[in-house]
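Q: Here is my input, please return the structure:
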Amino acid sequence: MIVATETRIERPKVWTSHPTTPHPVKRYLPAFLVAFFSILYFVEIGIRASEKYFWYDELLTVYFSRLPNLHAIWNALGSGVDSNPPLFFLLTRASEAAFGEGPIGTRVPEILGFWMFCLCIFLFVSRRVGPIPGLIAMLLPTLTGAFYYAYEARPHAIVLGCCGIALVCWQHARDSSSVEPRRVVWLTGFGIALFCAFMLHAYALVLTIPFGLAGLWQGLRDKEIKWGFWIALAAPVIPAVLMYIPLQHYFATVMKGTPFLQRFPSSWEQMTNFYTWLISSCFLLFLFLLLALLLNLSRRWLNTEVADEPRLPHLEDIVLGIGFLLVPAYGIVIAKIAHAPFFSRYFLSALSGVCILLGLAFGIRGAFRWTALLTFLVVGASVAVDCSRVVWHRYNRWDEALIEPSTRTLLESSLSGPLSMHSLLLEQRASSKPIALLDPSVYLYLSYYAPELAKRVYCLRPSSDDLSYRLIKAIRQCCKTTCNREITDEEFVRMNHRFLAYGMYRFLDRLAVIQGHGSQIGPLRVANGYFLVEISR
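A: Below is the predicted model:
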């Protein structure tokens, strides 16, 4: 007797990254959140930028951008007053041509650069570990100290934007290694992004080190030299270095014999200062992030069921993140070699390392997924609260104190006008007495925002070897400003029998120097941290 049996053939299971079509909410929600973040960003940054008046560094940008052509800009750079490559000033000039010279129009490239960096960080992290960690990484930069430079008319935020584009291009080039035409396109974009960064600021050259470390790791792992990557990384360096050499020479010439480098030294103590400055504005939030991260990792460490799963995908991303995190260390080494100053704002790209590492850590497999969602809600709420506070303050016309991070200079940000801090000078508009300005940091500021007083304002310095004396002379000659000629204390006192002396309260000791030239000092008046006194001989 023959019994028929049914034979069942088992089909092999095919695992795909997207086994089912995602729900429309999950599919479009990240894009909606990115768009909502962009709205909050531009609202907040627009208000902040409109309330901030140009200070010394930004006024250099404005005056250099007014020069008629590239040749004139390069000749002005020869004065050593500003050592940024010409592309930055050409970009600012184009922005002012489109939007006008002003607190927002001049800063459009920086505003867009920082926003682009946030979007690129989202794309980079979400491609690896999903949209929620990507959204966390995208929001973090706006809560750190680096956010100040998103509306500063200097190249630092634009360099950060170029860094973000380079990150995305590098990631896609690596993931497209099996498709050569596509890989060439992404590597070309990677090289162009780096070249633009190098043409904006000399210290942008440190971007090559994190990418180089990640490329070296990948080459050692695969036992293969990725020639396309190394060519794209090295090619922009050559023209950049050729441009930096004369700029460094101009800078060293004007700084020679001055205490500038002693005031901003390149010491290893700056590493601690950098990270403290970066997270001080959101210290409690970072404590929460670390606690959430430890909770997120606890299941991965304690749960043996997921012990065979990889902790993090693509170790090159981790190497890249650590490499960016150490960017200030590379800057200190370069500054020591080149005898250049160290400013925290030169190394904002270290923020890439913070965002990448935190984003990847919240995307670890086998961890508590809800901690990432909770973290996103907390970070998102912090961004929304910051934006709401700025809008509320503007609605009620409340002023906010604004301090430049590197020099700790109190900037003018009053809604009453650019001269509200200089009420003592405003009272002297009807007077004809010359004004001896003892504070060089506000000399350009008064020349720009108070042109009616500029004809009477002179910046007094102890000698012609003083750094401020040299800088003012160079600015007046190369940028054709309305400033009066630079002058020493002794020469000014000899030329004027009666004049007014004005400056910040911390410059009071300069009065003793002027008095030593045979002058008599009248009653002292103080307001808003500034003093005004009449001097005669």
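Q: and S50, what is it in contact with?
A: P103, I104 (Cβ atoms under 8 Å, 6 or more residues apart in numbering). For glycine as for every other residue, the C-beta is placed from the backbone atoms N, C-alpha and C.
Q: Could you measure from it over to Y151?
A: 9 Å (Cβ to Cβ, to the nearest Å).
Q: Repeat that for A202.
A: 22 Å.
Q: again with V237
A: In terms of Cβ to Cβ, V237 sits 30 Å off from Y151.
Q: swap in F274?
A: Distance from F274 to Y151, by Cβ to Cβ: 21 Å.
Q: where does this protein dip in pLDDT?
A: Along the chain, segments meeting pLDDT under 70 span 1-26, 177-179, 296-313, 365-369, 517.
Q: Looking at V237 and Y151, which is more packed in?
A: Using other Cβ atoms under 10 Å as the criterion, V237 and Y151 rank with Y151 on top: 24 against 14.
Q: Which element, helix or strand, includes the residue nearest to L295 when sequence neighbours are not counted?
A: Nearest residue to L295, sequence neighbours excluded (Cβ to Cβ, 6 or more residues apart in numbering): T371, at 5.2 Å. Using DSSP states H and E, T371 maps to helix 369-395.
Q: what separates the helix or strand that that helix is followed by from the chain centre, distance-wise?
A: Counting by DSSP H and E, the next helix or strand C-terminal to helix 369-395 is strand 402-404. Mean-position distance between strand 402-404 and its chain equals 14 Å (Cα atoms, centre = their mean, to the nearest Å).
Q: do the same with stretch 377-384
A: 22 Å.
Q: ok, now stretch 69-82?
A: Distance, centroid of stretch 69-82 to centroid of chain: 23 Å (Cα atoms, centre = their mean).
Q: Just the CA trace of it, in CSV.
A: Provided in CSV are the C-alpha atoms of stretch 69-82 (Å, rounded to 0.1, in the frame of the first residue of the first chain):
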residue,chain,number,x,y,z
ASN,A,69,37.4,93.8,-6.3
LEU,A,70,39.6,90.8,-5.4
HIS,A,71,42.8,92.7,-6.1
ALA,A,72,41.9,95.4,-3.6
ILE,A,73,40.9,92.8,-1.0
TRP,A,74,44.3,91.0,-1.4
ASN,A,75,46.2,94.3,-1.1
ALA,A,76,44.2,95.1,2.1
LEU,A,77,45.1,91.6,3.5
GLY,A,78,48.7,92.6,3.0
SER,A,79,48.3,95.1,5.9
GLY,A,80,48.0,92.1,8.3
VAL,A,81,44.8,93.5,9.9
ASP,A,82,42.8,90.5,8.9
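Q: So which bits of that stretch are buried?
A: Buried residues in stretch 69-82, defined by neighbour count with 16 or more other Cβ atoms under 10 Å: A72, I73, W74, A76, L77, G78, S79, G80, V81, D82.
Q: Now render the residues you listed as a markdown table, adding secondary structure.
A: Compiled in a markdown table, these are given as follows (DSSP: H, G, I helix; E, B strand; the rest coil):
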| residue | secondary structure |
| --- | --- |
| A72 | helix |
| I73 | helix |
| W74 | helix |
| A76 | helix |
| L77 | helix |
| G78 | coil |
| S79 | coil |
| G80 | coil |
| V81 | coil |
| D82 | coil |
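Q: and of those, the nearest to K455?
A: Distance to K455, by Cβ to Cβ, is smallest for V81 among these, at 22.4 Å.
Q: Contacts only, for the nearest residue to the closest one once chain neighbours are set aside.
A: In this structure, V81 finds its nearest non-sequential neighbour in A474, 4.7 Å apart by Cβ to Cβ, 6+ apart. For A474, the contacting residues are S79, G80, V81, V254, by Cβ under 8 Å, 6+ apart.
Q: from those residues, which is closest to F362?
A: Once Cβ to Cβ is applied, the member of the contacts of A474 that ends up nearest F362 is V81, at 45.0 Å.
Q: dump the residue contacts of that closest one.
A: So V81 contacts L60, V254, L471, A474, I475, C478 (Cβ under 8 Å, 6+ apart).
Q: I'd say P341 and Q262 touch.
A: No. Using Cβ atoms under 8 Å, P341 makes no contact with Q262, being 9.6 Å away.
Q: Figure out how far stretch 165-174 is from the centre of its chain.
A: 21 Å.
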